[in-house]
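Q: whatever this is, show me its structure:
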Amino acid sequence: MNKYFILVLLFGLFLGPLKAQLDPNKLTHFPELDGNLIHDIITDQQGVLWIATQSGLITFDGNEYKRYHPIAGDSTTIGTVLTTRLYMDERGNIWIGCMYDLYKYNPATKSFKIYSHKH
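A: Here you go, the predicted structure:
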C-alpha cells in the first residue's frame, strides 16, 4: 500500500476531530511553548485544542493561541499556572486538574469555578 495513503488514513482516524487544526497553513509557532513541559492535551466540541502546561493553560482555536492567566481577586479566572490534567465532560465543560485544586471551565459563561482541596 502507498505510504502516503496510510499516513492520510492515520491522520484522519486520530486527528479527525481536530477540525480547527486541520489546515496546516494555520498552525503557527507559539514561542511561549518553547521548552515548556506539556502535561495533557484535549480538543473540545468546537475543535479547540486545550493544552495543560507547567506554566499555564493554553488554547489554540485554529487561528490563534490564548493563555489563561490568574487575575488576583477575580474568582472567575483560573487561579494557578501549573496545570496537569484536562477532561471534557458530556456537557462540554473543561475540567482542569492543578497541583491542589480542580477547576471547571464553562464555555457558555467563559468562566472558571474552583473546587479546592483544603488540607
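Q: if I look at residue 52, how far off is residue 73?
A: Using Cβ to Cβ, to the nearest Å, we find residue 52 at a distance of 24 Å from residue 73. The way it works is simple: take the backbone N, C-alpha and C, and place the C-beta from them, glycine included.
Q: next: residue 38.
A: Residue 38 is 29 Å from residue 73, where distance means Cβ to Cβ.
Q: between these two, which one's more packed in?
A: Here residue 38 and residue 73 are compared on neighbour count by other Cβ atoms under 10 Å; more neighbours surround residue 38, at 12 against 5.
Q: which residues sit in contact with the more buried one?
A: Contact criterion Cβ atoms under 8 Å, 6 or more residues apart in numbering gives 51-53 as the residues in contact with residue 38.
Q: show me what the residue nearest the centre of the chain bridges to in the sheet.
A: In the chain, the C-alpha closest to the average C-alpha coordinate belongs to residue 50, at a distance of 1.0 Å (Cα atoms, centre = their mean). When bridges are assigned using DSSP bridges, the partners listed for residue 50 are residue 42, residue 59.
Q: ditto for residue 94
A: When assigned by DSSP bridges, residue 94 has beta-bridge partners residue 88, residue 105.
Q: could you report the neighbour count for it?
A: The criterion is other Cβ under 10 Å. On that basis, residue 94 has 21 neighbouring residues.
Q: could you check how far it is from residue 105?
A: Taking Cβ to Cβ as the criterion, residue 94 is separated from residue 105 by 4 Å.
Q: again with residue 67
A: For residue 67, the distance to residue 105 (Cβ to Cβ) stands at 14 Å.
Q: neighbour count: the two, which is higher?
A: Set side by side, residue 67 and residue 105 show more neighbours around residue 105, with 23 against 15, by other Cβ under 10 Å.
Q: the more buried one: what's it in contact with?
A: Listed by Cβ under 8 Å, 6+ apart, the contact partners of residue 105 are 78, 93-96, 111-112.
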